[in-house]
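Asks: Sharing a model that was predicted from the sequence below.
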Amino acid sequence: MAKVVHGLPITWEPTVATSKHSHPVGRAAWLPCSRFIAVDLSTKIEILDAVTLERLHIFVDPSTDKIQRLSFSPDSRSLTVLYRSKPTTIWDLQTGGRISASPSTPNTSSSRYLSSVYSMDGKILAVASRDWKDTITVTTYNLPSGTHIYSHCVSEGWIVAPIWTRGEFLRFATAEQGSIAIWEVGFTSKHALAEIESLPAPGGVGSGECLFLPTFSWLAFILRGAVLVWDARGSKFLLNFMSDDLPGGLSFSSGGRFFACGIGDREIYLWKKSPAGYVLHQKLVSNIAELSFRGAMPLLSPNGESIITHRNSQTQLWHTTDPISSPSSAQTQPDEKTHFVLAFSPDKGFIATGRLGGNIATIVDLKSGNPRLIVDTGMRICGLGVTGSTVVVVGEGKIITWDLPAGDCVLDARVNIHDSVRTIVFNHPPPPPEWLHSASISPNFNCLVITRGRGEGLEIYDMSTGKHLVGTTTEYVFEPWFTRDGREVWDSSGTPGGQKIIRGEGSDVIGLEPIKRFSPPSGGYLWESSHGHDVTDDGWILDPRKKRVMWLPHHLRVSTKYRIWSGRFFALFNPRLPEPIVIESDE
């Protein structure tokens, strides 16, 4: 129902889905069955489908108390919510109703929950917490009756998450310099807390972020910028990765097949278990600058097939099935931002694109998606236009025209300034060359508008003669564009403002009249479809009937000023991608 006509990013981000929320995401958790995800949104909890991130349930709690941990029952039928100071609440995932509330741990207003686990029958919940004095306590509750059973203080070492169930017993690991201790205690008061095993550990363990995998006694931890995985029974490292940026957030799949860690602001490194230890399997990069993994743990699903990240007001989902070849050959996005100029031909047969300030213009046949003509303009480009037979380039006080190759078989033809058919020089002194400007050509190709100074105004010229027609200094305009009827000029950067074009006898342009901000343009905004198409906040392109026709990868979710609709064609450009993307939606 939709297809990419031109331009693919360097890597099509392997994001499967993204969910935007009304509030920042605090915590998230997978169900044991890997089918659902719970996210904490302050006073409410959303249950998301683990394939589409569609919202299935919303649990609203009138309390404003801070949620500290989300935990699911072994049968994946109920959700337990642990708060800072109010009673623990249990929700039924099938009915959406509240089952019961258990009393909070004594003095929990100053405690932080580290981990929680259920007994095998799901009737008892165990919670590990640490208070402001660094006292670590393990507490159990009877969920059906909502009663507190016991609390044990742990005096030695630090509890390493998670705590886990072993038969009828509760187990957890503590770490300190040179050793890892495994402890066991019953879920009821009949069994005393006892250390059952001591394992070797490398130096430095016991402080900072740690994660224990009970199945194999593997310990993951961060130490002075390095991400390490230690096999306590084999007394060897399975991973020793030195990061150039700050690591944060450690996650194992339940069987240890995958291990993940957030690196810096926007990267997830995903390793896969091999006979030689953990080898890099994927490097996932988000192009959204606001997404940061510092303090927001990437969470692998229990089955290891998916991974989510949660930060600010969004949750992202990736699959873990597509490996990269090697870290050195993995392609990266450009570090510098690139702004583009882009124009559709009136008949929607071609599109002209180029980098603002660059000298190469590319004309693409929208029917085939192939480049029809590549033009070395010999000047810095600030505006483009294309008709069925010609290409017009604006830059450095000139308007230069080239002819398109005749026929349908010529592809990727290359021309330069010597092949141009006409050059028109503005009769009005152009702005200083060190200032880079934007230009827009009117829909009927009669005139063009170009910014003057550093957004200090704009000038309108006649396309056929280069004659200066009118100018203004009353509005800050950085990226001007004509409305579809050619009667107004608007600015698409920042808060839009407009100028109405006043015409005299013979349709000559004789003046400009400011239009109040927030007044809609007569021809519609560039990013608004005249055919009724739309783009949702979560990245879906909708047809005129509001049916989903295509999902956009996360790094193609750009702000409105980087989107242009022209009929059924949709062009967008992320400043960090090497070229614009053009998508055709079938009507």
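Replies: Happy to help now that I have it. Quick caveat: nothing in here was measured; it's all calculated off a predicted structure.
Asks: Output the below-cut-off pLDDT ranges for the stretch 101-250 of the chain.
Replies: 101-111, 156-157, 206-207 (pLDDT under 70).
Asks: same thing but at 50, please
Replies: Applying pLDDT under 50 to the stretch 101-250 of the chain flags the ranges 105-109.
Asks: The chain too?
Replies: 9-13, 105-109, 287-295, 324-335.
Asks: Mind splitting it into its structural domains?
Replies: 17-319, 340-526 (automatic domain parsing).
Asks: Now do the contacts for H468.
Replies: 426-428, 459-461 (Cβ atoms under 8 Å, 6 or more residues apart in numbering). Yep, even glycine has a C-beta here, placed from its N, CA and C like the rest.
Asks: err, V582, not the other one
Replies: 4-7, 351, 364, 366, 369, 569-571.
Asks: likewise R27?
Replies: 39-40, 67-70, 310.
Asks: which of those residues sit farthest apart?
Replies: Taking Cβ to Cβ as the measure, the contacts of R27 span a maximum distance of 15.4 Å, between Q68 and H310.
Asks: hmm, back to that, out of the domains of the chain, which gets nearest to D538?
Replies: D538 lies closest, by Cβ to Cβ, to one member of those: domain 17-319, at 5.4 Å.
Asks: got the end-to-end distance for that closest one?
Replies: 10 Å (Cα to Cα, to the nearest Å).
Asks: Now do it: distance to the chain's middle.
Replies: 23 Å (Cα atoms, centre = their mean, to the nearest Å).
Asks: would you turn the domains of the chain into CSV with distance to K561?
Replies: As requested, these are arranged in CSV below (distance: least, Cβ to Cβ, whole Å):
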stretch, distance to K561
domain 17-319, 16
domain 340-526, 5
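Asks: and of those, who's closest to R563?
Replies: domain 340-526 (7.3 Å).
Asks: before we move on, back to that, could you flag which of the contacts of V582 are buried?
Replies: Among the contacts of V582, those classed as buried by 16 or more other Cβ atoms under 10 Å are 5-7, 351, 364, 366, 569-571.
Asks: L577: which of those is nearest?
Replies: G7 (8.0 Å).
Asks: so who does the closest one touch?
Replies: 577, 579-582.
Asks: Looking at these, which are in strands?
Replies: 581-582 (DSSP state E).
Asks: can you pull out the helices in the stretch 151-300 of the chain?
Replies: Here the stretch 151-300 of the chain has no helices by DSSP state H, counting those that start in this stretch.
Asks: how about the strands of it, start to end?
Replies: Applying DSSP state E, counting those that start in this stretch to the stretch 151-300 of the chain gives strands spanning 158-166, 169-176, 179-186, 194-200, 210-213, 218-223, 226-231, 236-242, 247-252, 258-263, 267-274, 277-285, 299-300.
Asks: would TSV of these with mean neighbour count and distance to H418 be doable?
Replies: As requested, the strands of the stretch 151-300 of the chain are exported to TSV (neighbours: other Cβ atoms under 10 Å; distance: least, Cβ to Cβ, whole Å):
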stretch	mean neighbour count	distance to H418
strand 158-166	19	69
strand 169-176	21	72
strand 179-186	19	74
strand 194-200	13	75
strand 210-213	23	64
strand 218-223	22	60
strand 226-231	21	56
strand 236-242	15	53
strand 247-252	22	55
strand 258-263	26	50
strand 267-274	19	46
strand 277-285	19	42
strand 299-300	22	58
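Asks: separation between the residue nearest to I67 when sequence neighbours are not counted and V60?
Replies: In space, and not counting its chain neighbours, I67 is closest to D40: 4.6 Å by Cβ to Cβ, 6 or more residues apart in numbering. Plainly put, D40 is 12 Å away from V60 if you go by Cβ to Cβ, to the nearest Å.
Asks: more crowded one of those two?
Replies: A side-by-side neighbour count of D40 and V60, using other Cβ atoms under 10 Å, places D40 first with 23 against 9.
Asks: tell me the contacts of the more buried one?
Replies: Counted by Cβ under 8 Å, 6+ apart, D40 has contacts 25-28, 67, 70.
Asks: how about a cut-off of 7 Å?
Replies: 25-27, 67, 70 (Cβ atoms under 7 Å, 6 or more residues apart in numbering).
Asks: what about the residue nearest to I67, helix or strand, and which?
Replies: Assigned by DSSP states H and E, D40 falls within strand 36-41.
Asks: Next, the buried residues of that strand.
Replies: Neighbour-count burial for strand 36-41 [16+ other Cβ under 10 Å]: 36-41.
Asks: Buried subset of the contacts of H468 as a PyMOL selection?
Replies: Burial among the contacts of H468 is assessed by 16+ other Cβ under 10 Å; the matching PyMOL selection reads:
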select buried, resi 426+459+460+461
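Asks: farthest-separated two in the contacts of H468?
Replies: N427 and I460 (12.7 Å).
Asks: okay, the strands of the stretch 151-300 of the chain in a markdown table with distance to Y141 next?
Replies: Formatted as a markdown table, the strands of the stretch 151-300 of the chain follow (distance: least, Cβ to Cβ, whole Å):
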| stretch | distance to Y141 |
| --- | --- |
| strand 158-166 | 14 |
| strand 169-176 | 12 |
| strand 179-186 | 14 |
| strand 194-200 | 21 |
| strand 210-213 | 23 |
| strand 218-223 | 28 |
| strand 226-231 | 33 |
| strand 236-242 | 36 |
| strand 247-252 | 26 |
| strand 258-263 | 31 |
| strand 267-274 | 34 |
| strand 277-285 | 36 |
| strand 299-300 | 25 |
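Asks: tell me the contacts of L213?
Replies: L213 sits next to 252, 256 when contact means Cβ under 7 Å, 6+ apart.
Asks: nope, I124 is what I was after
Replies: With Cβ under 7 Å, 6+ apart, I124 has these contacts: 118, 140-143, 149, 187.
Asks: go on, G354?
Replies: 340-341, 360-362, 381, 384.
Asks: Closest to G256 out of these?
Replies: F340 (45.3 Å).
Asks: So for the closest one, what's the nearest residue that isn't a sequence neighbour?
Replies: F573 (4.7 Å).
Asks: Quick check: that neighbour touching R563?
Replies: No: counting by Cβ atoms under 7 Å, F573 does not reach R563; the two are 8.4 Å apart.
Asks: neighbour count winner among those two?
Replies: Neighbour comparison, F573 and R563: the larger count goes to F573, with 24 against 20 (by other Cβ under 10 Å).
Asks: could you dump the contacts of G7 to TSV with distance to T536?
Replies: Shown next, in TSV, are those (distance: Cβ to Cβ, whole Å):
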residue	distance to T536
L577	20
E579	24
P580	20
I581	17
V582	19
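Asks: Among the contacts of G7, the buried ones, what's the PyMOL command?
Replies: Those of the contacts of G7 that count as buried under 16+ other Cβ under 10 Å are selected in PyMOL with:
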select buried, resi 577+579+580+581+582
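Asks: Give me the buried entries from the contacts of D40.
Replies: Buried among these (16+ other Cβ under 10 Å): 25-27, 67, 70.
Asks: From those, which land in strands?
Replies: Using DSSP E, the buried ones among the contacts of D40 in strands are 67, 70.
Asks: from the buried ones among the contacts of D40, which single one is nearest D534?
Replies: Nearest member of the buried ones among the contacts of D40 to D534, counting by Cβ to Cβ, is V25, at 25.4 Å.
Asks: didn't that closest one look like it was pressed against V39?
Replies: Yes: counting by Cβ under 7 Å, V25 does reach V39; the two are 5.1 Å apart.
Asks: so what sits against both of these two?
Replies: Shared contacts of V25 and V39, defined by Cβ under 7 Å, 6+ apart, are found at 310, 315.
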